[in-house]
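Predicted structure and sequence below. I'll ask about it afterward.
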Amino acid sequence: MDINDLRGLSTVFAMIAFLAVFFWAYSGRKKRDFDEAASLPFTDDTAHINTQDACSAINAFSGTKAEHADKDKGAI
């Protein structure tokens, strides 16, 4: 066995690994998990909006003028 045989075997193993990941990613069982992961940025925005509403409701109820934490950090 020389170096060229080793290179050929490593190419075959890499191709098998690539095909395994490809079929795993596009299998029907993972679609729901990937759809849920794809919607995570949008659920984060919804949670942030709900947090701002809750903070303003708490501040209005307590009569304080506390700033929201993101405003202190300079976030938009």
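Structure received. Bear in mind that the values here come from a model prediction, so they are computed numbers and not experimental data.

Next, count neighbours for residue 9.
11 (other C-beta atoms under 10 Å). In short, each C-beta sits where N, CA and C put it, glycine included.

Which helix or strand contains it?
Assigned by DSSP states H and E, residue 9 belongs to helix 3-25.

the inter-axis angle of the helix or strand following that helix versus helix 3-25?
Following helix 3-25 in sequence order, the next helix or strand is helix 31-38 (DSSP H and E). For helix 31-38 against helix 3-25, the angle by axes from the mean of the first three to the mean of the last three C-alpha atoms, to 10 degrees is 90 degrees.

check contacts around residue 43.
If a contact means C-beta atoms under 8 Å, 6 or more residues apart in numbering, then residue 43 has no contacts.

So it versus residue 22, what's the distance?
To residue 22, residue 43 is 28 Å away according to C-beta to C-beta, to the nearest Å.

ok, now residue 13?
In terms of C-beta to C-beta, residue 13 sits 15 Å off from residue 22.

and what of residue 1?
Distance, residue 1 to residue 22, by C-beta to C-beta: 29 Å.

Comparing these two, which residue is more hemmed in?
Neighbours were counted for residue 1 and for residue 22 using other C-beta under 10 Å; residue 22 has more, 10 against 6.

Quick check, pLDDT for that one.
pLDDT, residue 22: 93.

ditto for the one 4 residues further on
Here, the pLDDT recorded for residue 26 equals 88.
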